[in-house]
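*Asks:* Have a look; sequence and predicted model below, questions after that.
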Amino acid sequence: MSKMLSIFPTLYTQQLEETVHYYRDVLGFVIDDHTEEWGSCFARRDGVELMLALPNEHIGFDGPSFTGSIYIRCTGVVELWEAYRKKVKVAYSIEDFDYGMREFAIYDNNGYMLQFGEIISEV
C-alpha cells in the first residue's frame, strides 16, 4: 500500500540571494546545499522543507504565478507572529477562525503567501 509522506514545494525566484537571506535571516530557516552552479537550495525549519530555485529557462518565469498559498501547520503560532510581524509584509494578522485554527499570513520577498496555523479546537 502506498503512502504519501510529505510535500516539498519549490518556490521560483529571480532573486535567489535575497530569498536565501529572507528565509534564513528573517524567517529562521536553515539553508542547505546552496550553490550558484545549481541555482537552488533547500530551506528547512523543524519539519518544513522548501526548495528555493532560479526558474528553469523553459518555464518562462515572469514572477510568482502560484495561485494558492503555502500553509504551514505549527505550534506556538503566537510566538511566530511576534517574531515575524514587524519584519515582514503581513497579508493578515493573527486571528482565531471558526474552523478551529489560529493563524496569520505573510508575503515573502517574492510575493508568495505563507500562512502559519495552529489547531486551537477540533470542529
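*Replies:* Noted; the coordinates are in hand. Numbers count the residues shown, from 1 in each chain.

*Asks:* Just name whatever secondary elements the helix of greatest length in the chain is in contact with.
*Replies:* Counting by DSSP state H, the longest helix found in the chain is helix 77-84. Using 3 or more C-beta pairs under 8 Å, 6 or more residues apart in numbering; DSSP states H and E as the contact test, the elements touching helix 77-84 are strand 89-96, strand 101-107, strand 113-119. (Each C-beta comes from the backbone N, C-alpha and C, glycine too.)

*Asks:* what domains does the record give for the protein?
*Replies:* 7-56, 65-123 (automatic domain parsing).

*Asks:* any weak-confidence spans in this protein?
*Replies:* 2, 4-5, 123 (pLDDT under 70).

*Asks:* now with 90?
*Replies:* Across the chain, the ranges flagged by pLDDT under 90 are 1-8, 33-39, 47, 55-68, 121-123.

*Asks:* Could you report the neighbour count for residue 93?
*Replies:* By other C-beta atoms under 10 Å, the residues close to residue 93 number 11.

*Asks:* Nearest spatial neighbour of it, chain-adjacent residues omitted?
*Replies:* If you skip the residues right next to it in sequence, residue 93 has residue 104 as its closest partner in space, 5.8 Å away by C-beta to C-beta, 6 or more residues apart in numbering.

*Asks:* Count the neighbours of the one you found for me.
*Replies:* By other C-beta under 10 Å, 21 other residues sit near residue 104.

*Asks:* Beta-bridge partners for it, please?
*Replies:* Counting by DSSP bridges, residue 104 is bridged to residue 116.

*Asks:* looking at it, it is touching residue 97, isn't it?
*Replies:* No. Counting by C-beta atoms under 8 Å, residue 104 does not reach residue 97; the two are 10.8 Å apart.

*Asks:* what angle do the longest helix of the chain and strand 113-119 make?
*Replies:* Angle, helix 77-84 to strand 113-119, by axes from the mean of the first three to the mean of the last three C-alpha atoms, to 10 degrees: 150 degrees.

*Asks:* For helix 77-84, buried residues please.
*Replies:* 77, 80-81, 84 (16 or more other C-beta atoms under 10 Å).
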